[in-house]
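> Predicted model, plus sequence, below.
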Amino acid sequence: MKPGIVIIILLFITTSLFGQNVRFEQITNESGRSLGFVSGMVQDSTGFMWLATRNGLYRYDGYSYRLFRHDRKDSTSIPYNDLTYLYLDQDEHIWLRHYNRLFVFQNEQLSGKFPYVTENTFDINTRILQDKFKNYWIGPVKDQLIRYRSEQEVDTFTLAQQLIHPGVIKWLKQNEPESIITNQQKIEVVEKQQFLIVSCGEGSDGNFYDYGTILRGNDTIYNAKNSFHPIQKGSLFRLSTRLVELEAGVYTIHFESDGSNSFEDTENPLSGYGVAIFPVNYESEIAKLSQVAYYPEKAIHAAAIKDLYVNNEGFFTLLTENGIHVFSGERWESIDVDFRKKVHPDIIEDGYNMPLIQSTSGNYWIGTHNGLIQVFANGRSKEHAFFNAPVRLFNIQADHKGRIWLATSNGLHAYSPATKNVVSYRQNNKNRLYSNNVRNILEDRSHNLWIATKEGLNRIRPPWFHYADLGMNNYAPFPILKISDNQFLTAGKTGMLHYFSSNENKNKTIEIPQEIFPADDFTGEPEYDVTDMMLAGNRMYMTFSDRVAVFSYPALELIRYRELPELKVGAQSIDNHALYLVMHGDRVWVIAVDAIYAYDKELLGLQDSLTFGVNYSSVFDIDNRFVKDLDPWQDHFLLRTSRNILLFNPDEKSLTKLFAFPESIRQTSQANGDCFIDSSKSALWFAVIPDIYRMSLSDYKVDTFNVEIEADLGDYYTKVTDTLVWVASNNGLIKFNPQTNDFVRYNSSDGLAANNVNGVYTDIYQNLWITSLKGLTKMNVVDEQTETYFRSDDFHELYFLKKHYRHPDFDHHLLLPTTSGYMQFNPDSLNPFKPPLAISNIYLFGKKASFDSLAHQKEHIELQHNENFITFELASLDYTEPSKNMFRYKMKNFNDQWIYTDANNRKAPYTGLPPGDYVFVAQGTNNDGVWSGPLSITVIIHPPWYRTTVAYISYVIFIILSIVFYIRYRERKLKHEKKVLEQKVRERTAEISRQRDKIAAQNKDITDSIHYASRIQSALLPSDEFAKSVLNSYFILFKPRDIVSGDYYWLTQIGNKTIVVAADCTGHGVPGAFMSMLGVAFLNEIVVRDKTLTTNAILDRLREYVIKSLKQTGEEGGSKDGMDIALTIINHDTLEAEFSGAYNPLYVLRDGEIETIKADRMPIGYHIKVDTPFTRKEVKLQKGDRLYMFSDGYPDQFGGEDGRKYMSKRFKRKIIETGTLSMSEQKAALDQSIEEWKGDKHEQIDDIIVIGVQI
């Protein structure tokens, strides 16, 4: 296949919130030191992490390590400590490499398996992988790749270039020319002739030191550079062979040479370097051999192995300089990619590693010193680009979100195919990355990312927060419009609408027409100041600057926009400013700086207005954000302005002042803030520190609470929970309890990220999430513990904003606005991963116990009565935050109550267990309290000998013996009674057997007779050989209900006409079979003997024969037997058909539709219409038409779930559905359909015949 290629340029720009400021966790040993150079990492099926280092092999469970090193006294220990490679196969073998030696570690000891592999030496970069077929692939080994399945099944594949065919070399040696051209020479061709041109010299891939050309004037007829190939692998000696037909004329043969001739001439089939010309015929053997692309047996068509991989399907995959080669079990399948054109040729030649992976989408990703190459599975498009700062790649991995992580010599990099952005991580004092020399990457099952560097091991926990950068730089609140709990729209100062769907993980932008935005008076640039958005049916409304616009929804196409009236103070005027939108009735109300304007919701025609009645002395005194907040209440709206609290009643078109702020703070920053209606909908809360106000919504009376905190310039935002009022201010967070009149102030010294709090959010657990310009803080309202997630140094110029009036609440996640976008997270599902639980160690009397299998593999333990002090050490194998993992355990039959413990107390001790059978059950959590499934292990404590079962049996033997006599007496009596009964049973059984045998013999005689009749009937019906000779494409579905059938088929060929019959005789079984034999005999006489060749005439005569032979008179009580029939005559020359039928129609299938050719409504036999002749119908046929004739047995069959008939409608639909199959396949499909319809509950009720013929 031809691949499509995209080379991704790694621009290394930080667009994520976490960017380069992520803090890596350093994984250290138990003494706090680095593990050093980690050369390999895997996670086994249990969940343990295995780490190969220069100091041995570590097993890590998140709490402690077990180190495996070489021990000269222990033959089962690993043979070397300096490990350079690690691989885990499907059978849990851990493969390790020490430079050029491979060995196997299993069940925590050295394995003696695979002697072919472990007793040989390989290259220092040799790896071993296992494919889905259990083949082991070992390579690179010099220029070879080894496939190993067993000691007796070892195949070697050799990297090889295209060579000159040995037959050509042999021919050249046998036909050596008298001389060769070594410089320049002219030749004359008298007449057109065919030649074999041979040029020999030295060269390597991409370089040609000696080569020949043929010119005719200035035209190049032949150039050896295009077809140079070596004679054998590794040889500098190259040969070019080309078939050329030269017209009559003069030609110049030129041979270019560097004159070094460094290679020995022993391989040269010619007398030296130069050009030789041989007259040949294109049909000759040498001409054909010269065109053969020759490779050695079991050759891989490449010069260098760049990486080994097992793809998503489990197939072994090889990356070479020529592309991707996949071994599917029987053969190699290649995706050709010429990396020499995309990566510097020197990199290709010098053994430079190019790691390969396949993403979940099926695309391959290849790392190079330029960046990434993406090879698409569909092979369509191809793009090329390069990164200008080369790095050396050691490993690439795709995480669960599809990001591609690159381990390089210059740090760790993450590329997002969705956004095409790259985040780079390099070592500094803050992030704690051990080294920029990153060698390996692994994502574990709970999505932690492990980073192995040359200096140590780091880990990144999965991110909790998801940030969307909308490309804004906005310090004013912006609206977020909720569509559903998973979808919302937002707009900022970008001229764009941003649509986000969390369940689809989709984030797209929709451009707003630029012409609707007003231009800045000074810069002329559009002012993208979107202040509110609102949905109403199939319309979306938006306010921005001094305008209001209406869009269609969901298409989001602009319908119309209007400018608000200007603001005038005396002779001065400036543009108005729209702040909020409300919908009431058939009007859209726009709350602006000076008034509330009513617009028609369809055409945005201005209909009315309500002024705020504020008198300004100058336009420069106007507050551009006069209305600070808006709260809907019943059919009214409560407004907080910079001067007062107003009630807006759109029904009455009125504005009522409910409360006025003190004169001293009006239109100052202290008047800024919001208002909040409590959950009971009975009161409105708002704050102007040091006062907090509660306004009753029944009588509008205001209660004032003084919190005795020094006022600070800034905004005040109120959040009311069930019993508390929270006020966010520039001087911290204030908690007020109106029932006790108590208040508390929290600031940065109490754990807040900053004092300038601008937002308070609650999650489903009633935690407070407190935002500020400089960070985010979580507060538990029960114990008032705080946790800060971001501070200003994490954000640089990215800050949280106060929320807009149109900020939605979501059921399952929080949405926090920032200066350039928003952050989203779900407090309810932080880490949903259920961790595997393992028993890492088992202790007896405080000492580690040894069993026949490892502790985490044990399911059953048997101990003696004096081994009853047992301890289980638990490990919850989730590595996100192991110190926060919890455990619980119990010993069934000893103590069924759960015992809870934490990560610091992972041992479950049991002392003095009495003899008995127990089940130890344990569970563990991840860092967020998600419990694992239960782990259980059976514990059996054997009792001492005197409390064994054998002892207890011996205690009761005396009792048993004392009753033996009585039991024996009873046995004798019972045996006598039993013998009498058995004699009676034998007599009755003998009589039954005699009757059964008699009935069986009679049944066999009858059945044998019917089977013989079936063979006679089958002999009368046309054979398959005859049908095949008459019909080219057909099927006959013949299913007798009993052994013999009352349905039959008949066909013959007379001249260019084929006569086909499907008939259904009265009755089935033996009576029907008699009738079918009559029908076959009559048809042979009418058609074959008398040559009656019109369908209606055939049926008329057949009716006469039946009436006559059965002596039918029509009298009551007389014979009424007969048959229903469909008869078709096909003329293959004219593509015409005749049809006549008695009850049974003809179906014609053409282009997926069925035409029904109806039959006469009278049978073959005596009928009220006995004197009425049958009609003849003509049908024009086309090639590909299909004709179907059948009896009523198929559509009348009962079946299905409710025992209904199959029916003709379903039969037609089935014919159409299967009409594209071959005739044999259609027959099988029809047979399967009627059998499935009949099922096990219904028997076949009638004989079935279906004939299909394809024209």
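Nice, thanks for sending it over. Numbering: from 1, shown residues only.

> Point to the residue nearest the middle of this protein.
Centroid check for the chain by C-alpha atoms, centre = their mean gives residue 360 as the closest residue, at 5.9 Å.

> Enumerate every residue touching it.
When contacts are counted by C-beta atoms under 8 Å, 6 or more residues apart in numbering, residue 360 touches 312, 398, 402. From N, CA and C alone the C-beta is placed, and that goes for glycine too.

> can you tell me which of those residues are in strands?
Under the assignment DSSP state E, those contribute residue 398 to strands.

> Distance-wise, check residue 90 relative to residue 136.
Using C-beta to C-beta, to the nearest Å, residue 90 is found at 10 Å from residue 136.

> picking that back up, can you classify the residue nearest to the centre of the chain by secondary structure?
coil (DSSP: H, G, I helix; E, B strand; the rest coil).

> which stretches of the stretch 1-150 of the chain form helices?
115-118 (DSSP state H, counting those that start in this stretch).

> And the strands in it?
4-9, 25-27, 38-43, 49-53, 56-60, 65-68, 85-88, 94-98, 101-106, 109-110, 127-130, 136-141, 144-150 (DSSP state E, counting those that start in this stretch).

> Please enumerate the shared neighbours of residue 90 and residue 136.
residue 130.

> Of the two, which one has the most company?
residue 136 (23 against 12; other C-beta atoms under 10 Å).

> Okay, that one and residue 126: tell me how far apart.
Distance of residue 136 to residue 126, computed by C-beta to C-beta: 12 Å.

> Same check on residue 735?
According to C-beta to C-beta, residue 735 stands 66 Å off from residue 126.

> re the thing from before, pLDDT, distance to residue 169 and neighbour count for the contacts of residue 360 - can I get that in TSV?
Shown next, in TSV, are the contacts of residue 360 (pLDDT from 0 to 100; distance: C-beta to C-beta, whole Å; neighbours: other C-beta atoms under 10 Å):
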residue	pLDDT	distance to residue 169	neighbour count
312	94	44	13
398	92	48	20
402	85	52	14
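
> if we can go back for a sec, give me the more crowded residue out of residue 735 and residue 126.
Using other C-beta under 10 Å, the more surrounded residue of residue 735 and residue 126 is residue 126, with 22 against 19.

> What residues does that one make contact with?
97, 100, 102, 138, 139, 140, 141.

> Return a PyMOL selection command for the buried portion of the residues you listed.
In PyMOL, a selection of the buried entries from the contacts of residue 126 looks like this (16 or more other C-beta atoms under 10 Å):
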select buried, resi 97+102+138+139+140+141
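
> I'd assumed residue 286 was in a helix, is it?
Yes - assessed with three-state DSSP, residue 286 lies in a helix.

> For burial, what's the neighbour tally of it?
A count of nearby residues for residue 286, using other C-beta under 10 Å, gives 20.

> Grab the nearest non-local neighbour of it.
Closest residue to residue 286 apart from its sequence neighbours, by C-beta to C-beta, 6 or more residues apart in numbering: residue 171 at 4.9 Å.

> Helix, strand or coil: sort out the one you found for me.
Applying three-state DSSP to residue 171 yields a three-state assignment of helix.

> how near is it to residue 910?
As judged by C-beta to C-beta, residue 171 and residue 910 stand 86 Å apart.

> and the two? which has more neighbours close in?
For residue 171 and residue 910, the more surrounded residue by other C-beta under 10 Å is residue 171, and the numbers stand at 20 against 17.

> which helices and strands does the longest helix belonging to the chain pack with?
As assigned by DSSP state H, the longest helix anywhere in the chain is helix 964-1020. If you count contacts as 3 or more C-beta pairs under 8 Å, 6 or more residues apart in numbering; DSSP states H and E, helix 964-1020 packs onto helix 1069-1083.

> ok, and what's touching the helix it packs on?
Contact with helix 1069-1083 is made by 1010, 1013-1014, 1016-1017, 1020-1021, 1041-1048, 1050, 1061, 1063, 1065-1067, 1098, 1101-1102, 1105-1106, 1109, 1121-1123, 1125, 1164, 1247, as judged by C-beta under 8 Å, 6+ apart.

> Mind doing that once more with 6 Å?
Helix 1069-1083 has contacts (C-beta atoms under 6 Å, 6 or more residues apart in numbering) with 1017, 1020, 1042, 1044, 1046, 1048, 1050, 1063, 1065, 1102, 1105, 1123.

> Between which two of those residues is the distance greatest?
Greatest spacing in the contacts of helix 1069-1083, by C-beta to C-beta: 1042 and 1105 (25.6 Å).

> pLDDT weak spots in the stretch 301-450 of the chain?
340-351, 378-389, 419 (pLDDT under 70).

> Which parts of this protein belong to which domain?
Split into domains by automatic domain parsing, the chain comes to 4-159+299-464, 163-290, 837-949, 963-1020, 1023-1254.

> Would you reformat those as JSON lines and include distance to residue 825?
Formatted as JSON lines, the domains of the chain follow (distance: least, C-beta to C-beta, whole Å):
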{"stretch": "domain 4-159+299-464", "distance to residue 825": "6"}
{"stretch": "domain 163-290", "distance to residue 825": "54"}
{"stretch": "domain 837-949", "distance to residue 825": "13"}
{"stretch": "domain 963-1020", "distance to residue 825": "77"}
{"stretch": "domain 1023-1254", "distance to residue 825": "49"}
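
> Residue 690 is nearest to which of the ones you listed?
Of all the domains of the chain, domain 4-159+299-464 sits nearest to residue 690, with 36.1 Å by C-beta to C-beta.

> ok, which stretches of the stretch 401-550 of the chain are strands?
With DSSP E, counting those that start in this stretch as the criterion, the stretch 401-550 of the chain has strands at 404-408, 411-416, 421-425, 438-443, 449-453, 457-460, 466-469, 480-484, 487-491, 496-501, 506-511, 530-536, 539-544, 547-552.

> One more: the stretch 801-950 of the chain?
For the stretch 801-950 of the chain, the strands defined by DSSP E, counting those that start in this stretch occupy 814-817, 821-825, 837-844, 847-848, 860-863, 870-876, 886-892, 895-902, 907-910, 916-924, 935-941.

> ok, residues contacting the last one?
Put plainly, it is strand 935-941. Under C-beta under 6 Å, 6+ apart, the answer for strand 935-941 is 837, 858-863, 868, 913, 915-922.

> what do you get for the longest one?
Contacting residues not belonging to strand 916-924 are listed as 835, 837, 874, 876, 885, 887-894, 931-932, 934-941 [C-beta under 6 Å, 6+ apart].

> If any of the residues you listed are buried, put those into a ChimeraX selection.
Selection of buried members from the contacts of strand 916-924 for ChimeraX, criterion 16+ other C-beta under 10 Å:
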select :835,837,874,876,885,887,888,889,890,891,894,931,932,935,937,939,941
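
> Count the residues that sit near the residue nearest to residue 635 when sequence neighbours are not counted.
Leaving out its chain neighbours, the residue that sits closest to residue 635 by C-beta to C-beta, 6+ apart is residue 651, at 6.3 Å. Neighbourhood size, residue 651 [other C-beta under 10 Å]: 9.

> before we move on, what about residue 952?
If we define neighbours as other C-beta under 10 Å, then residue 952 has 11 of them.

> can you check the one 3 residues further on too?
For residue 955, the count of nearby residues is 10 (other C-beta under 10 Å).

> Can you list the residue ranges for helices in the stretch 1051-1200 of the chain?
Assigned by DSSP H, counting those that start in this stretch, the helices in the stretch 1051-1200 of the chain fall at 1069-1083, 1095-1109.

> and the angle from the first one to helix 964-1020?
Read that as helix 1069-1083. 10 degrees (axes from the mean of the first three to the mean of the last three C-alpha atoms, to 10 degrees).
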